[in-house]
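Enquirer: Next input, structure requested:
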Amino acid sequence: MSFLLNYIIFIIVIFIIAIVFERWLKKKLKIDKSKGSFYKGVNSFQRWTEMAMIVAFLISIWFVDNPISWLIGYFLISLSFRAFMEWKYNREEKEYILTLYSMFIYLLVLVIGFYLI
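Expert: Numbering: from 1, shown residues only. Next up is the predicted model:
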């Protein structure tokens with residue numbers, strides 16, 4: 001029980017640090033606040049590709065022996081694609097920097113959780 005409690009506390013601390021650093025990064029790079037609560041892709045190709053990746057992930061998760069490593073791979077591919085599309089088509093808003101930062105935080109928590117559990 002102590003191990004699980006330590007891991008939960010670790011995740012909470014990482015997310016608090018991540019939120020504070022993300023706000024600092026937005027202020028430093030002068031990135032505007034999001035206009036909505038959900039992410040909107042830069043074009044329709046990105047939206048359709050991300051939806052197809054989600055569907056493919058959800059279908060394929062049933063056929064994989066190790067779903068945690070599959071989840072890590074999905075986040076890596078999905079967020080890399082999103083960052084590339086933001087960099088390619090909407091570079092001046094610098095959202096791709098926040099996407100790469102989010103990818104780093106998600107992968108850090110997932111990888112550490114995968115190896116600890």
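
Enquirer: And the longest helix belonging to the chain, what's buried?
Expert: Ranked by residue count and defined by DSSP state H, the top helix of the chain is helix 2-29. By 16 or more other C-beta atoms under 10 Å, the buried positions in helix 2-29 come out as 18, 26. All C-beta spots, glycine's among them, are computed from the backbone N, C-alpha and C.

Enquirer: Nearest the geometric middle of this structure, what residue?
Expert: The centre of the chain sits closest to residue 103, judged by C-alpha atoms, centre = their mean, with a distance of 4.0 Å.

Enquirer: Could you find the closest non-adjacent residue to it?
Expert: residue 79 (3.8 Å; C-beta to C-beta, 6 or more residues apart in numbering).

Enquirer: Tell me, what's the model's pLDDT at that neighbour?
Expert: pLDDT for residue 79: 92.

Enquirer: Relative to residue 6, how far out is it?
Expert: From residue 79 across to residue 6, the span is 27 Å (C-beta to C-beta, to the nearest Å).
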